[in-house]
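Visitor: Pasting a predicted model and its sequence here:
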Amino acid sequence: MNGEIFAKLEQKIQDAVDSIEMLKMENEELKAENARFQQEREEWEQRLGGLLDKLQSLDSASTSDNG
């Protein structure tokens, strides 16, 4: 009887360890994906900032031409 209980406990512990390992791997994948998204966001922000600067310079040029 004790051997059976010990075997069940051992299996539950192994299942928990396996689950933890899978969660660790998933966490690392999500961290990498998050880093890619952050980099992509920074690139978009830079591009958008450049476009806004161009629009402002066009607006300033047209305002000074009309004034």
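Guide: Everything's here; your move.
Visitor: any idea how far Glu21 lies from Glu42?
Guide: 32 Å (CB to CB, to the nearest Å). Where you see a C-beta, it was placed from the backbone N, CA and C, and this is true even at glycine.
Visitor: Show me the residue sitting in the middle of the chain in space.
Guide: Nearest to the geometric centre of the chain sits Asn34, at 1.2 Å (CA atoms, centre = their mean).
Visitor: Show the contacting residues for it.
Guide: By CB atoms under 8 Å, 6 or more residues apart in numbering, the contact list for Asn34 is empty.
Visitor: That one and Ile20, how far apart?
Guide: For Asn34, the distance to Ile20 - CB to CB - is 21 Å.
Visitor: before we move on, what about Lys12?
Guide: Distance from Lys12 to Ile20, by CB to CB: 13 Å.
Visitor: do the same with Asp65
Guide: Computed as CB to CB, the Asp65 to Ile20 distance reads 67 Å.
Visitor: higher neighbour count, those two?
Guide: Using other CB atoms under 10 Å as the criterion, Asp65 and Ile20 rank with Ile20 on top: 10 against 7.
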